[in-house]
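Colleague: sequence first, predicted model second:
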Amino acid sequence: MVPSVLIVDDEKHTREGLQQALAEGYDVTVAANADEAFNLLDSQPYDVVLTDLRMPGKSGLKVIDKALSLPQRPAVLMMTAYGNIETAVEAMKRGAVDFLTKPVNIERLEVLIQRALKTRTLEVEVRQLHERLDDKYNFEGIIGGSGALREVIERVRLVAPSRATILIEGESGTGKELIAQAVHQVSPRARGAFVAVHCAALSENLLESELFGHERGAFTGATERRVGRFESADGGTLFLDEIGEISASTQVKLLRFLETKAIERVGGSKPLELDVRLVAATNRDLEAMVRQGRFREDLFFRLNVIRIRMPPLRERTDDIPLLLAHFIRQFSAENGVPPLTVEPGALRTLQRYPWPGNIRELRNFCENVVVLRRGGSLTEYDLEARFRGEPAASGSTPGAPGVTGIAAPVPAPPAAPSLSVEENEKRLLREALLKARGNRTRAAALLGLSRRTLHRKLAQWPELDVID
């Protein structure tokens, strides 16, 4: 697509000469004054605006203001016969990309237009990136509508606009970093950096250097100055995951930052004042660690200004169908396979499962079944025994985590002494139906019964919820 250029100049020979010079490579439109330019800018978008400074009526500075107030902002170049430092500075303050003096050198103008187009393309890409981040990390990107999750979201809405330090607590895999991202995205710092550090992944010395940076010669191997994560997050948000894993010396330095809003690089002595919002997360009980002398009480109080508890997935069972649908759709698209259908019996079983690994475990499960089954439907009889709270069958298919194959007949496990005859019979029947994947004829053969007898048993115990 040919780039579009709007030339604004009250001198006819100048604007027409520039139009002719640029006509081969650009779609050029001309305007004789600011008012004419305003009408053109309102009627269609332009990639570049080249405007004179001094014109009758409104000046070129007003053209800059108008162009940069539009939803699709063009890159703006200023030109004038009265070139001076003050005029150039004012034009750049208004948002002009560059400045030319008359008479205009056409070769230089083309270089500046190409540079302006690259700048505009970069701005568009950055804006689109921010929009994608907003879509990914805003509340519509947090899957679920359970009461427990709504409470978390409401708390995020309340605290995000503030400068307060936030402590996010929750089991591993509950989505603590996603909530930290949401806090950042709906805060006034959204255009700043979001910097995440996983404290448990680094040794004590490496963590201090990673967080606070270091000066050249601070330690063996420090051959140059390093900017730490705190400095990288200046004007934005620093997320410290697994905060309970940091050493005592790092705790002291972190406490100092929270008290003074300043850091010192490792090996340095000059304090650096920073504007950083701190969001910390932990899967540990920090209060218990304080009582045990393993975590500083004063640091805990500094971190615990705003507390957000992420509920485990077993407390969000209403969200499981939504999460399953989301991840199955995602992995089906990534792997180019038809979406998998989860049958009601399988869904009920998955909602009863406690998900000790929380959302991370559910996500991995979804990727597993999408890749292994490649479409079709997922029934209760396809799930591993662990999802039903039963020990794995010895005849289950090996090497297929998350999905069981059709098992060969195996002896039923011995019944517990406390079970009645009826309970034992129901248990054996259910086990046979699971091994037969709901096929009644096959289940009857496994039990050594006739199909008619099996039907009579199923009519007696409809809660087994079989699939014919």
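Modeller: Right, received. Where do you want to start? Residues are numbered from 1 along each chain as shown.

Colleague: Ile168: what secondary structure?
Modeller: strand (DSSP: H, G, I helix; E, B strand; the rest coil).

Colleague: skip the chain neighbours and tell me the closest residue to it.
Modeller: For Ile168, ignoring the flanking residues on the chain, the nearest one in space by Cβ to Cβ, 6 or more residues apart in numbering is Ala281 at 4.2 Å. Where you see a C-beta, it was placed from the backbone N, CA and C, and this is true even at glycine.

Colleague: the strands in this protein, which residues?
Modeller: Per DSSP state E, the chain carries strands over the ranges 4-8, 27-31, 48-52, 75-80, 98-101, 166-169, 194-198, 237-241, 262-263, 272-273, 277-282, 306-309, 341-342, 377-378.

Colleague: deepest of those, which one?
Modeller: Of all these, strand 48-52 has the most neighbours on average by mean count of other Cβ atoms under 10 Å, namely a mean of 27.

Colleague: give me the neighbour count for Leu286.
Modeller: Leu286: 21 surrounding residues under other Cβ atoms under 10 Å.

Colleague: from Ala280, how far off is it?
Modeller: In this view, Leu286 and Ala280 are 9 Å apart by Cβ to Cβ, to the nearest Å.

Colleague: the spatially closest residue to Gln19 that is not a sequence neighbour: what's it in contact with?
Modeller: The shortest distance from Gln19 to any residue other than its chain neighbours is 4.7 Å, reached at Val28 (Cβ to Cβ, 6+ apart). Contact analysis of Val28 by Cβ atoms under 8 Å, 6 or more residues apart in numbering lists Ser4, Val5, Leu6, Ile7, Leu18, Gln19, Leu22.

Colleague: tell me the pLDDT of the last one.
Modeller: Per-residue confidence for Leu22 comes out at a pLDDT of 91.

Colleague: what of the fourth one?
Modeller: pLDDT, the model's per-residue confidence, is 94 for Ile7.

Colleague: state the distance from it to Gln20.
Modeller: Distance, Ile7 to Gln20, using Cβ to Cβ: 11 Å.

Colleague: list the contacts of stretch 67-85.
Modeller: In contact with stretch 67-85 (Cβ under 8 Å, 6+ apart) are residues 6, 9, 41, 45-54, 60, 63-64, 87-88, 91, 94-102, 104, 109, 112-113, 116-117, 119-120, 123.

Colleague: any chance you could map the helices in the stretch 51-200 of the chain?
Modeller: Applying DSSP state H, counting those that start in this stretch to the stretch 51-200 of the chain gives helices spanning 60-67, 85-94, 106-137, 147-159, 176-185.

Colleague: would you list those helices in JSON lines and tack on distance to Arg427, mean pLDDT and mean neighbour count?
Modeller: Below are the helices of the stretch 51-200 of the chain laid out as JSON lines (distance: least, Cβ to Cβ, whole Å; pLDDT from 0 to 100; neighbours: other Cβ atoms under 10 Å):
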{"stretch": "helix 60-67", "distance to Arg427": "77", "mean pLDDT": "90", "mean neighbour count": "22"}
{"stretch": "helix 85-94", "distance to Arg427": "79", "mean pLDDT": "74", "mean neighbour count": "14"}
{"stretch": "helix 106-137", "distance to Arg427": "46", "mean pLDDT": "72", "mean neighbour count": "14"}
{"stretch": "helix 147-159", "distance to Arg427": "34", "mean pLDDT": "92", "mean neighbour count": "16"}
{"stretch": "helix 176-185", "distance to Arg427": "40", "mean pLDDT": "93", "mean neighbour count": "23"}
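
Colleague: tabulate those helices in CSV, adding columns for distance to Ala443.
Modeller: Formatted as CSV, those follow (distance: least, Cβ to Cβ, whole Å):
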stretch, distance to Ala443
helix 60-67, 75
helix 85-94, 79
helix 106-137, 46
helix 147-159, 39
helix 176-185, 43
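
Colleague: skipping its backbone neighbours, what lies nearest Thr282 in space?
Modeller: Spatial nearest neighbour of Thr282, excluding adjacent residues (Cβ to Cβ, 6+ apart): Gly244 at 4.5 Å.

Colleague: the one you found: how many residues sit nearby?
Modeller: For Gly244, the count of nearby residues is 19 (other Cβ under 10 Å).

Colleague: now do the contacts for it.
Modeller: So Gly244 contacts Thr282, Asn283, Arg284, Leu286, Met289, Phe295 (Cβ under 8 Å, 6+ apart).

Colleague: quick check, nearest of these to Glu425?
Modeller: For the contacts of Gly244, the residue nearest Glu425 by Cβ to Cβ is Asn283; the value is 43.8 Å.

Colleague: okay, the nearest residue to Leu299 once chain neighbours are set aside and Arg157: tell me how far apart.
Modeller: Of all residues not flanking Leu299 in the chain, Leu255 sits nearest, at 4.6 Å (Cβ to Cβ, 6+ apart). In this structure, Leu255 and Arg157 are 29 Å apart, going by Cβ to Cβ.

Colleague: now do Lys118
Modeller: Distance of Lys118 to Arg157, computed by Cβ to Cβ: 38 Å.

Colleague: and if you look at Ser232?
Modeller: 27 Å.

Colleague: again with Ala32
Modeller: 51 Å.

Colleague: do His184 as well
Modeller: According to Cβ to Cβ, His184 and Arg157 sit 13 Å apart.

Colleague: which residues are common contacts for Leu286 and Ala280?
Modeller: Leu167, Ile243, Leu303.

Colleague: any chance of these in TSV, with pLDDT and distance to Glu343 too?
Modeller: As requested, the shared contacts of Leu286 and Ala280 are arranged in TSV below (pLDDT from 0 to 100; distance: Cβ to Cβ, whole Å):
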residue	pLDDT	distance to Glu343
Leu167	97	41
Ile243	96	42
Leu303	95	45
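
Colleague: for those residues, give me JSON lines that also has distance to Arg373.
Modeller: Below are the shared contacts of Leu286 and Ala280 laid out as JSON lines (distance: Cβ to Cβ, whole Å):
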{"residue": "Leu167", "distance to Arg373": "41"}
{"residue": "Ile243", "distance to Arg373": "40"}
{"residue": "Leu303", "distance to Arg373": "44"}
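
Colleague: contacts for stretch 359-367 next, please.
Modeller: Counting by Cβ under 8 Å, 6+ apart, 172-175, 313, 320, 323-324, 327-328, 330-331, 355, 357, 402 sit against stretch 359-367.

Colleague: out of these, which end up buried?
Modeller: Among these, those buried by neighbour count (16 or more other Cβ atoms under 10 Å) are 173-175, 313, 320, 323-324, 327-328, 331, 355, 357, 402.

Colleague: now, those residues that are in helices?
Modeller: Among these, the members falling in helices (DSSP state H) are Ile320, Leu323, Leu324, Phe327, Ile328, Phe331.

Colleague: domain-wise, how is this protein divided?
Modeller: Per automatic domain parsing, the domain ranges recorded for the chain read 4-131, 139-311, 312-408, 415-468.

Colleague: okay, now the unreliable bits of the stretch 151-300 of the chain?
Modeller: Counting by pLDDT under 70, the stretch 151-300 of the chain contains no low-confidence range.

Colleague: next up, the contacts around the residue nearest to Ile168.
Modeller: By Cβ under 8 Å, 6+ apart, Ala281 lies in contact with Leu167, Ile168, Glu169, Gly170, Lys176, Glu177, Ala180, Phe239, Leu240, Asp241, Glu242, Ile243.
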